[in-house]
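Asks: starting from these lines, generate the structure:
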Amino acid sequence: MVQTQPKPAEPGWFTRIAHPGMFMGWSRHLVLPLSIVTALAFAVGLYFSFLASPADYQMGDTVRMMYVHVPSAWLSQFCYAVMFCSAIGTLVWRHPMADVSQKAAVPLGAAFTALALFTGSMWGRPTWGTFWEWDGRMTSTLVLLFIYLGLIALWRAFDDQLKAARIVAVLTLVGAINIPIIKFSVDWWQTLHQPASVFRTDGPTVDGSILVPLLVMTLAFSLLFLTLHLVRMRTEITKRRIRSLELAQARAGEGA
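Replies: Now for the predicted structure:
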């Protein structure tokens, strides 16, 4: 009796995502559509933010700074959440794409944090009468920027990216304690920042004419992060492939 070998099982979605080659295959089809959707979202958001929405009855046209500041501040923390999950993937599951995701997100998080601090200072001068105040949220956000810059420097300090990934992952998990501090600083300490006015259990306290442009701009910034993160991950994989080929050629040259 002839026995046939069982057909190998198809790789699951987790395996397909984990394989750099497969990731490069399916992700290349997303870059252009995401870029187009991001551009459209920004076009709509900027129109509503700077042309269609009214000025605030207290702050006047300076309120329009909020449409850039709030999404930047949101993404400064969301980027770190992505890094936190990637760090767990690196340390617990040894996911091949986890450190790639984390390394790709670090400079994006630093950029959004710097933009949040800059726009906050520009908005604070006419609103509070000062560019900077060492209150809980501003100080903890500045600490977040320093954490991002430190992680960038640490990635560049190692030639062995796999070794760097484990060290960066541990420090990322430690630095995550700063995220709830940023979030709840307005509740724990006296601060110039107002409490949450959009995501509340009793509903938003912001008028719809301001809330809609704010949500559209937040969506546009989130899509921008997703697009740039995807592109940076693809770039990082390409760089590592080139590095592997260079090392292989160098070993072949030494052997010859």
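Asks: confirm for me that Leu115 is in contact with Pro71.
Replies: No: if you go by CB atoms under 8 Å, Leu115 and Pro71 don't touch, sitting 9.2 Å apart. Glycine gets a C-beta too; all of them are placed from N, C-alpha and C.
Asks: of these two, who's got more company?
Replies: A direct count of neighbours by other CB atoms under 10 Å for Leu115 and Pro71 places Pro71 higher, at 27 against 18.
Asks: where does that one land in three-state SS?
Replies: Secondary structure for Pro71, judged by DSSP: H, G, I helix; E, B strand; the rest coil, is helix.
Asks: isn't it up against Thr218?
Replies: Yes: at 4.5 Å, Pro71 counts as touching Thr218 under the criterion of CB under 8 Å.
Asks: please name the spatially closest residue to the residue nearest the centre of the chain (chain neighbours excluded).
Replies: Closest to where the C-alpha atoms of the chain average out (CA atoms, centre = their mean) is Cys79, at 2.5 Å. Using CB to CB, 6 or more residues apart in numbering and skipping the chain neighbours, the partner closest in space to Cys79 is Gly109 (3.2 Å).
Asks: need the contact list for the one you found.
Replies: By CB atoms under 8 Å, 6 or more residues apart in numbering, the residues touching Gly109 are Leu75, Ser76, Cys79, Tyr80, Met83, Tyr148.
Asks: hmm, 10 Å instead?
Replies: 75-83, 144-145, 147-148, 151-152, 225, 229 (CB atoms under 10 Å, 6 or more residues apart in numbering).
Asks: now do the shared contacts for Pro71 and Thr218.
Replies: With CB under 10 Å, 6+ apart, Pro71 and Thr218 have common neighbours Gly45.
Asks: okay, buried residues for stretch 55-71 please.
Replies: Across stretch 55-71, burial judged by 16 or more other CB atoms under 10 Å covers Asp56, Thr62, Val63, Arg64, Met65, Met66, Tyr67, Val68, His69, Val70, Pro71.
Asks: endpoint to endpoint, that stretch covers what distance?
Replies: Start-to-end span of stretch 55-71 (CA to CA, to the nearest Å) is 19 Å.
Asks: quick one: find the helix or strand in this structure with the lowest mean pLDDT.
Replies: Comparing helices and strands within the chain by mean pLDDT, DSSP states H and E singles out helix 13-18 as the least confident, with a mean of 62.
Asks: distance from whatever helix or strand comes next after it to the middle of the chain?
Replies: Moving toward the C-terminus from helix 13-18, the next helix or strand (DSSP states H and E) is helix 20-47. Helix 20-47 has its C-alpha centroid displaced from the chain centroid by 15 Å (CA atoms, centre = their mean, to the nearest Å).
Asks: packing partners for helix 20-47?
Replies: Under the contact criterion of 3 or more CB pairs under 10 Å, 6 or more residues apart in numbering; DSSP states H and E, helix 20-47 touches helix 13-18, helix 66-91, helix 98-128, helix 208-255.
Asks: Pro180: which of these is closest?
Replies: Nearest of those to Pro180, taken as CB to CB: helix 66-91 at 9.7 Å.
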